[in-house]
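In: attaching a predicted model along with its sequence, questions to come.
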Number of protein chains: 2
Amino acid sequence: MNGPYGLEMIDNCVSCTLRKDRGFCNFSPALQAQFDRLGHHSIFPSGALLFVEGQRPRGVYVLCSGHVKLSTTSAQGRVLILKVAAPGEVLGLSAILSGTPCELTAETARPCQVNFIEREVLLEFLRRNGEAGLHSARALSVEFQAAFRDVQDIVLARSSAGKLARLILSWSAGQDGKEVRVRAAFTHEEMAQMIGTSRETVTRLLSDLKKKELIRLEGATMVIRNRPALEALLA
Amino acid sequence: MNGPYGLEMIDNCVSCTLRKDRGFCNFSPALQAQFDRLGHHSIFPSGALLFVEGQRPRGVYVLCSGHVKLSTTSAQGRVLILKVAAPGEVLGLSAILSGTPCELTAETARPCQVNFIEREVLLEFLRRNGEAGLHSARALSVEFQAAFRDVQDIVLARSSAGKLARLILSWSAGQDGKEVRVRAAFTHEEMAQMIGTSRETVTRLLSDLKKKELIRLEGATMVIRNRPALEALLA
DNA sequence: TGTTCCTTGTGAAACTAATCACAAAAACTT
DNA sequence: AAGTTTTTGTGATTAGTTTCACAAGGAACA
């Protein structure tokens, strides 16, 4: 079954395959059926804003497919992309739980399918089902820890070269072959916003890496040709 | 009643005054009595390690009094102090909930009283009491959001001067008078680790601020003489 | 099939902050 | 009170980045 933007529609959480890992939307069978009825599935085009920094959140979005950029903007307009959420993650949960405004802006990086659950509906569900509260605390922990690791890496790397190397390596996590290929659908500007440097620096560093044959570009795909050398840059 | 290190002992969560705000250890009256029996109160001297990055956590520490530095160390030995926890905060909760190793190191920055709750005891309590699960999810959210704001500010500030200004201003949050005084019991080295620069840079920046009469030192107390000018540095 | 917009590449100048290397000052020890 | 250790202050040098400015390449659109 196909929806708009060529996206495969997932309209049933029970049969969804993303749930296998320890994500938010993976409840015990008893709860899963209930949870399934809470939200509304919908599709967003690329570039849609799910929520904006400072706004009171209307609910949470469970990302079923696609990727979402989570960013903050400083008073002076500098943007920091904290992470790119992948399918299976919940967006906006912490703001809903703590009752505070959204601390991040969520923008779809490509067409996405999401399951939107309204604030009150979710909170009622959590209040009713004790297990679910603990469950969401766990999901929050996992996601925050991952986010922290990323930020930490960024702050601790001494040079921009190190930060960029980290970023690229983080994309290839899991894969192991000699030549690893990652679909890096990010502009230099976006990478700069992920590691907190200027766009020009990213351009220069990347062409450096190409010159030294650590990476290669094949269209929109980045190929890591020399992983050990990249890892050596982390210092 | 006085314990070691001249600390006032708090040995009863029910009568504890820290609970008024929305912290972890502030449960509904019904649960509070139960919660009170879970942990063991104890006192640590300055410089004690409550837990260390990478270790499996044995339990959580509710900080009753004192301050605790939460830091990570990079592979190359650079230290980043992510936050300094204040009384009322839980330490180590996210690692316990997600079942992962501690992502941070917790070191007492001065004599502290803590309420230690063992891993299994806490998890059992949370499983038994649905309300408590949701409650801890909320506490986690609040604390993570605060931590995020801090880190975000640090990464987004373009210059070290801006980062230091932010740090100092964050200490004076809440107070408003013309001259605000903050007990800044941190060494330059520690401040450097909080904002991710070198110790020398902090020394130089601080003496700059003194020269320009934005701040003044009275022993270990820092007096903010010109808050608007400090805020102007954030750019 | 231009036209326009967005992205990438690159040079030069100005600036920031890191690093190394000591000296001075302060805080603890004994 | 003298000695030790930790913290702070400062100069000189150097590496790394930002910023501005502009050109060239690509993609999107009418």
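Out: Arrived safely, thanks for sending. Residues are numbered from 1 along each chain as shown, chains lettered A, B, ... in the order given.

In: next up, phi/psi of A:Asp150, please.
Out: Torsion angles at A:Asp150 (phi, psi; degrees, to the nearest 10) stand at phi -60, psi -50.

In: contact partners for it?
Out: The contact partners of A:Asp150, by C-beta atoms under 8 Å, 6 or more residues apart in numbering or on different chains, come to A:82-83, A:170. Where C-beta positions appear, they are placed from N, C-alpha and C, glycine not excepted.

In: most neighbours of all those residues, which one?
Out: Counting neighbours by other C-beta atoms under 10 Å in any protein chain shown, A:Leu82 leads the contacts of A:Asp150 with 23 neighbours.

In: quick check: domain ranges of chain A?
Out: A:4-150, A:160-232 (automatic domain parsing).

In: does the longest one reach DNA strand D?
Out: No - judged by C-beta under 7 Å from any atom of the strand, domain A:4-150 and DNA strand D are separated, with a smallest distance of 8.3 Å.

In: who touches A:Gln32 in this structure?
Out: Taking C-beta under 8 Å, 6+ apart as the test, what A:Gln32 contacts is A:13-14.

In: gap between it and A:Leu38?
Out: 11 Å (C-beta to C-beta, to the nearest Å).

In: helices and strands around whichever strand or helix holds A:Arg181, which ones?
Out: Using DSSP states H and E, A:Arg181 sits within strand A:180-183. If contacts are counted by 3 or more C-beta pairs under 8 Å, 6 or more residues apart in numbering or on different chains; DSSP states H and E, strand A:180-183 sits against strand A:221-224.

In: what is the burial count for the spatially closest residue to A:Val68 that is not a sequence neighbour?
Out: Leaving aside its sequence neighbours, A:Val68 sits nearest to A:Ala85 (C-beta to C-beta, 6 or more residues apart in numbering or on different chains; 4.5 Å). Counted with other C-beta under 10 Å, the neighbours of A:Ala85 add up to 24.

In: pLDDT score for A:Ala85?
Out: Model confidence at A:Ala85, expressed as pLDDT, equals 93.

In: any idea how far DNA strand C is from A:Ile224?
Out: 17 Å (C-beta to the nearest atom of the strand, to the nearest Å).

In: ok, now A:Asn226?
Out: A:Asn226 is 19 Å from DNA strand C, by C-beta to the nearest atom of the strand.

In: pick the most buried one from the domains of chain A.
Out: With neighbours taken as mean count of other C-beta atoms under 10 Å in any protein chain shown, the domains of chain A reach their highest mean count in domain A:4-150, at a mean of 18.

In: relative to the whole chain's centre, how far out is that one?
Out: 10 Å (C-alpha atoms, centre = their mean, to the nearest Å).

In: likewise for stretch A:187-207?
Out: 19 Å.

In: mind listing what A:Arg227 touches?
Out: A:169, A:172, A:178, A:180.

In: out of those residues, who's nearest chain B?
Out: A:Leu169 (12.8 Å; C-beta to the nearest C-beta).

In: hmm, back to that, in strands, which of the contacts of A:Asp150 fall?
Out: Counting by DSSP state E, the part of those found in strands is A:82-83.

In: distance to B:Arg127 for the contacts of A:Asp150 - can I get that in JSON lines?
Out: Below are the contacts of A:Asp150 laid out as JSON lines (distance: C-beta to C-beta, whole Å):
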{"residue": "A:Leu82", "distance to B:Arg127": "32"}
{"residue": "A:Lys83", "distance to B:Arg127": "30"}
{"residue": "A:Ser170", "distance to B:Arg127": "34"}
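
In: please, where are all the helices along chain A?
Out: A:29-36, A:93-98, A:119-128, A:130-156, A:160-171, A:188-195, A:199-211, A:227-232 (DSSP state H).

In: send the alpha carbons of the first one over as PDB?
Out: Below are the C-alpha coordinates for helix A:29-36, written out as PDB (Å, rounded to 0.1, in the frame of the first residue of the first chain):
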ATOM      1  CA  PRO A  29       1.500  -7.300  23.800                       C
ATOM      2  CA  ALA A  30      -1.300  -6.400  26.200                       C
ATOM      3  CA  LEU A  31      -0.500  -2.700  25.900                       C
ATOM      4  CA  GLN A  32       0.400  -2.700  22.300                       C
ATOM      5  CA  ALA A  33      -3.100  -3.000  21.100                       C
ATOM      6  CA  GLN A  34      -4.200  -0.100  23.300                       C
ATOM      7  CA  PHE A  35      -1.200   2.000  22.200                       C
ATOM      8  CA  ASP A  36      -2.100   1.200  18.600                       C
END
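
In: tell me what angle that helix forms with helix A:119-128.
Out: Helix A:29-36 runs at 160 degrees relative to helix A:119-128, counting by axes from the mean of the first three to the mean of the last three C-alpha atoms, to 10 degrees.

In: how close does A:Val62 get to A:Ala139?
Out: 10 Å.

In: ok, A:Ser46 next?
Out: Relative to A:Ala139, and taking C-beta to C-beta, A:Ser46 is found at 26 Å.

In: what do you get for A:Ala157?
Out: For A:Ala157, the distance to A:Ala139 - C-beta to C-beta - is 28 Å.

In: try A:Leu80
Out: Relative to A:Ala139, and taking C-beta to C-beta, A:Leu80 is found at 23 Å.

In: coming back round to it: of the helices of chain A, which is nearest A:Val52?
Out: When the helices of chain A are compared by C-beta to C-beta, helix A:93-98 sits nearest A:Val52, at 11.3 Å.

In: would you confirm that A:Ile43 contacts A:Cys112?
Out: Yes - using C-beta atoms under 8 Å, A:Ile43 is in contact with A:Cys112, at 7.1 Å.

In: contacting residues around the residue most central in space within chain A?
Out: What sits nearest the mean C-alpha location of chain A, by C-alpha atoms, centre = their mean, is A:Ala85, with 1.4 Å. Residues near A:Ala85 by C-beta under 8 Å, 6+ apart: A:63, A:67-70, A:91, A:106.

In: need those residues in TSV (columns: pLDDT).
Out: Formatted as TSV, those follow (pLDDT from 0 to 100):
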residue	pLDDT
A:Leu63	93
A:His67	92
A:Val68	94
A:Lys69	95
A:Leu70	95
A:Leu91	96
A:Ala106	96
